[in-house]
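[1] The following comprises the amino acid sequence and a computationally predicted model.
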Amino acid sequence: MSKVLIIGAGGVGRVVAHKCAQRTDIFTEITLASRTLEKCQEIAAEIKGDRIKTARVDADRVPELVALIKKEQPRLVINVALPYQDLTIMDACLETGVDYLDTANYEPVDTAKFEYSWQWAYHDRFEKKGIMALLGSGFDPGVTNVFTALAAKTYLDVVEEIDIIDANAGNHGQPFATNFNPEINIREVTATCRHWENGQWVESPPLATRRTFDFPEGIGPMSIYRLYHEEMESLVKHLPTIKKAQFWMTFSDNYLKHLEVLQNVGMTRIDEVEFNGQKIVPIQFLKALLPDPGSLGPLTKGKTCIGVIARGFKDGRRKQVYIYNICDHQACYAETNSQAISYTTGVPAVVGGIMMLTGKWHKAGVWNMEQFDPEPFLAELGPMGLPHTVIEGEWPEL
Ligand code: NDP
C-alpha cells in the first residue's frame, strides 16, 4: 500500500495528480491538498473514479501540515507548492517520519536567492530519522541531472563540460505570460547570471549572453540566453570533473521586451511598497494581472526540447553527447489538461516517487537526482510520457 500526499494544486500539481492516478500499481491512495480547496476539487473531478481525496492546507504552517500528514498517513509527500514552502514541508516530514520529494529548491520569500544549502542542512536529521528527501525531481532540475548522470555512466569516462539547453518552441498567443508560476519564473530569469568555470562561479548580468542553437527534430535555430539554474550547483558538487557548466533558455523577443519594461517600471520588485495606504509587493500584484499559467493549456501549440550536451573523454578520446526530450504541448493537454511545462515537471516528480516507493532509489538522507543510478528512472520516464534521445556528435562551443 503506497499512499501519497500531493501538496500544491497548480499546473504541476494537476499533472502529478493525473499521473499518480494512472499508476494504480504504485499509488494505491492519493490525497491532493493545497491552500485553495476548490482547485484540488476541480482537479479531482477531472480524474475519473473518485481516486483523489482532497484537503485544504496552508503549507507555510508546520502544525497544519503535521495534522494533515498524521490524518492521511502517506508514505510519501510530493511537494509541488512553491519553493517558499520547501522547509516547512520538510519539517513536517521530519516530525512525522514520512519521505519527501520536491521539484524546486528552497527560496526565501524576501530574497531572490535560491540555493541548496538550506535543504542540504537537513541531511543528518533525515538520515537519523531513517527517511529520504529527493530534491529537484522535475525536468530542470530533475531529468537534466539524470541525463548528466547517464552521460557520466554510459557515454563518457570523464565529463568536463555541460550545456543544459531548455527550449520552449511553443506559442500561447498571449502578449505576455509565463508558463509556470509568474512570480517564481520572473525571479529566476531576472537573477544575476552565474555559470561554473574552472572551479568557480562566474557572474554576468541576467540574459546578457545570447547564442543561436539549432534544435533537433524540425524545431530549428532559436536564440538561447544564459542564466543561472539550480541544478548546476548540485551537479558540479557531485560530478567534480565538470570544469564548465552553463544553462541556456529560449525567450522570444516579445517576452524579453515586456520583461525589460516591467523591470524598468519596478513591477518585478519583490519588496513591499506603499500603495493607497496598503503595503503591496509589485511582483505579487503583477502575478494577479497575468494569465494563470494553468489557463494556457488549451491555447499553447508547439513543442519543448530540453536536454544536456555533455563533453569530455571516452577511451582517451574527446567526445560529445546530446541527450534530450521533445514534448508536444497539445498532446500533454489532451492527456492531463496541462501544457508541456507543467507536464515535463509533473511526470518526473511522479517517476521520482515511483523510484522511492519501489526502493529502486531509497536511502535515508537528503539527495539530488544525479546521486542515483539514472537507468531505472529513465526506464520509467519514457513509458510515462517523456522518452529521451541520445545523439553522439559535434556541437559548437556555446
Ligand atoms: P502554480 O502557481 O501553478 O501552483 C502552485 C500551487 O501551490 C497552487 O495551487 C498554490 O495554491 C499552492 N500553494 C502556494 N502557497 C501555498 C501554501 N502556503 N500552502 C498550500 N499551497 C500553496 O505553480 P506551478 O504548478 O507552475 O509550479 C509548482 C512548482 O513546480 C514550483 O515550485 C515551481 O518552481 C516548480 N517547477 C519546477 C520545474 C522543474 O522543471 N523542476 C519547472 C516548473 C515549475 P493557490 O492556488 O491557493 O495559490
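    Structure received.
[2] Every contact and neighbour count from this point should use C-alpha atoms.
    Fine.
[3] ok now stretch 196-215, how far from the chain's centre?
    20 Å (CA atoms, centre = their mean, to the nearest Å).
[4] and residue 334, how many neighbours?
    12 (other CA atoms under 10 Å).
[5] so how far is residue 301 from it?
    As judged by CA to CA, to the nearest Å, residue 334 and residue 301 stand 12 Å apart.
[6] so what's the closest residue to residue 221 other than its chain neighbours up against?
    Using CA to CA, 6 or more residues apart in numbering and skipping the chain neighbours, the partner closest in space to residue 221 is residue 214 (3.9 Å). By CA atoms under 8 Å, 6 or more residues apart in numbering, the residues touching residue 214 are 220-222.
[7] average pLDDT across stretch 253-262?
    For stretch 253-262, the mean pLDDT works out to 94.
[8] buried sites along that stretch?
    If you call a residue buried by 16 or more other CA atoms under 10 Å, then stretch 253-262 has these buried ones: residue 259.
[9] Could you do stretch 64-79 as well?
    Neighbour count says stretch 64-79 has 65-66, 68-69, 72-79 buried, by 16+ other CA under 10 Å.
[10] For the helix or strand containing residue 6, give me every contacting residue.
    Using DSSP states H and E, residue 6 falls within strand 3-7. For strand 3-7, the surrounding residues in contact (CA under 8 Å, 6+ apart) are 13, 16-17, 27-34, 59, 69, 72-81.
[11] try stretch 143-155
    137, 158-159, 162, 164, 231, 235, 306-308, 310, 314, 321, 323-324, 348, 369-371, 373-375, 378.
[12] how about stretch 157-174 as CSV, C-alpha atoms only?
    Listed next in CSV are the C-alpha coordinates belonging to stretch 157-174 (Å, rounded to 0.1, in the frame of the first residue of the first chain):
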residue,chain,number,x,y,z
ASP,A,157,34.5,8.3,-18.8
VAL,A,158,35.1,11.9,-17.8
VAL,A,159,32.5,14.7,-18.1
GLU,A,160,34.3,18.0,-18.4
GLU,A,161,31.6,20.4,-19.7
ILE,A,162,27.9,20.6,-19.7
ASP,A,163,25.4,22.8,-21.5
ILE,A,164,21.9,22.4,-20.3
ILE,A,165,19.6,23.8,-23.0
ASP,A,166,15.9,24.4,-22.5
ALA,A,167,13.7,25.5,-25.4
ASN,A,168,10.0,26.3,-25.3
ALA,A,169,9.2,26.4,-29.0
GLY,A,170,5.5,26.6,-28.2
ASN,A,171,3.3,29.6,-28.6
HIS,A,172,0.2,30.5,-26.5
GLY,A,173,-0.8,33.6,-28.4
GLN,A,174,-0.8,35.9,-25.3
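[13] average model confidence for that stretch?
    Rounded mean pLDDT across stretch 157-174 is 96.
[14] ok, how many other residues are close to residue 281?
    Count around residue 281 with other CA under 10 Å applied: 17.
[15] Tell me the helix or strand right after the strand or helix carrying residue 188.
    In the assignment (DSSP H and E), residue 188 maps to helix 182-189. The first helix or strand that comes after helix 182-189 along the chain, using DSSP H and E, is strand 193-197.
[16] Any buried residues in that next one, and which?
    193-196.
[17] likewise stretch 100-109?
    Neighbour-count burial for stretch 100-109 [16+ other CA under 10 Å]: 100-107.
[18] can you list contacts of it?
    Outside stretch 100-109, the residues touching it (CA under 8 Å, 6+ apart) are 76-80, 82-87, 90, 93, 113-116, 118-119, 132-138, 141-142, 230, 345, 349, 352-353.
[19] That's all I had, so thanks and see you.
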